[in-house]
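Enquirer: my questions are about this predicted structure, shown below with the sequence.
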Amino acid sequence: MENLDLLTYLEGFLTDNRKQRFLDVLSNRTKHFTIAVEDVYQMHNTSAVMRSCEVFGIQELNVVEQKYGKSIDKQIAMGAQKWVDIIEHSSSQVCIDNLRQKGYQIIATTPHNDSCTIENFDISKPSALFFGTEIDGLSDEVMQQADGYLKIPMVGFTESLNISVSAAIIIQDITNRLRNSAINWHLSEEEILEKRIDWARKTIKDIKNVEGRYNEKL
């Protein structure tokens with residue numbers, strides 16, 4: 001009830017078009033799939049992956065910053081960092097353990113294993129898709145503990161794609177199939193309420209003063 005009251009108050013500072021836009025976008029958001037990027041050296045690639053998550057409706061991006069610890073390139077992300085939840089992990093093992101606790105199977109994206117191709121990938125299970133570094137690929141931790149392996153079919157001489165390109169292709173394919181399925185992939189009502197409040201906060205100018213006035217009324 002308290003969150004509903006807060007949402008009503010905050011949405012009083014938004015236009016009707018903005019409020020409707022939030023609802024429309026959230027109706028296509030999912031946590032059925034989540035993406036994890038592991039120690040990506042070129043941070044603009046992580047920023048581009050985040051942008052693909054936002055465009056195709058994946059709400060959470062997990063970032064392992066064991067080695068490089070760079071910041072998101074906001075110019076590449078094009079504002080996507082406001083709308084996608086970025087979850088940072090200190091190591092690949094911590095990331096794997098956290099995602100398993102949330103009920104995800106671990107899927108390693110790699111062209112070098114006897115991997116499942118994206119058109120044959122079983123979308124019914126909640127899955128965390130891991131993408132590795134440009135140079136070394138995924139870590140031994142991910143490769144050894146993965147529940148499955150996924151690849152993009154390729155017919156040329158080149159054996160790999162840039163991580164941001166690979167992620168965009170895979171995310172677009174599996175989210176499109178997900179929306180055309182009977183799987184319950186939507187966010188829960190509680191999750192939608194949480195994001196409406198979060199996005200309103202990120203949209204309203206001088207939000208500290210606005211929330212301060214709200215708290216004075218309680």
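Expert: Yes, it's here.
Enquirer: continuing past the helix or strand of the chain with the lowest mean pLDDT, what's the next helix or strand?
Expert: The weakest-scoring helix or strand in the chain, judged by mean pLDDT, DSSP states H and E, is helix 74-77 (a mean of 44). Next along the chain after helix 74-77, taking DSSP states H and E as the criterion, comes strand 85-89.
Enquirer: given that following strand, what are its sheet partners and their directions?
Expert: strand 60-64 (parallel) (DSSP bridges).
Enquirer: can you list contacts of the strand it pairs with?
Expert: 31, 34-39, 46, 49-50, 53, 84-92, 95, 98-99, 128 (Cβ atoms under 8 Å, 6 or more residues apart in numbering). Where C-beta positions appear, they are placed from N, C-alpha and C, glycine not excepted.
Enquirer: of these, buried ones?
Expert: When the contacts of strand 60-64 are checked for burial by 16 or more other Cβ atoms under 10 Å, the buried set is 31, 34-39, 46, 49-50, 53, 84-85, 89, 91-92, 95, 99, 128.
Enquirer: out of the residues you listed, which are inside strands?
Expert: Counting by DSSP state E, the part of the buried ones among the contacts of strand 60-64 found in strands is 34-38, 85, 89, 128.
Enquirer: where do the helices sit along the protein?
Expert: Assigned by DSSP state H, the helices in the chain fall at 2-11, 16-26, 43-56, 74-77, 92-101, 140-145, 163-179, 189-203, 207-217.
Enquirer: any idea which of those helices gets closest to Asp122?
Expert: Between Asp122 and these, the tightest spacing by Cβ to Cβ is seen for helix 163-179, at 10.1 Å.
Enquirer: go through that closest one and flag the buried ones.
Expert: 163-164, 166-168, 170-171, 173-175, 178.
Enquirer: in the ones in strands among the buried ones among the contacts of strand 60-64, find the pair that's most separated.
Expert: Glu38 and Asp85, at 17.8 Å, using Cβ to Cβ across those.
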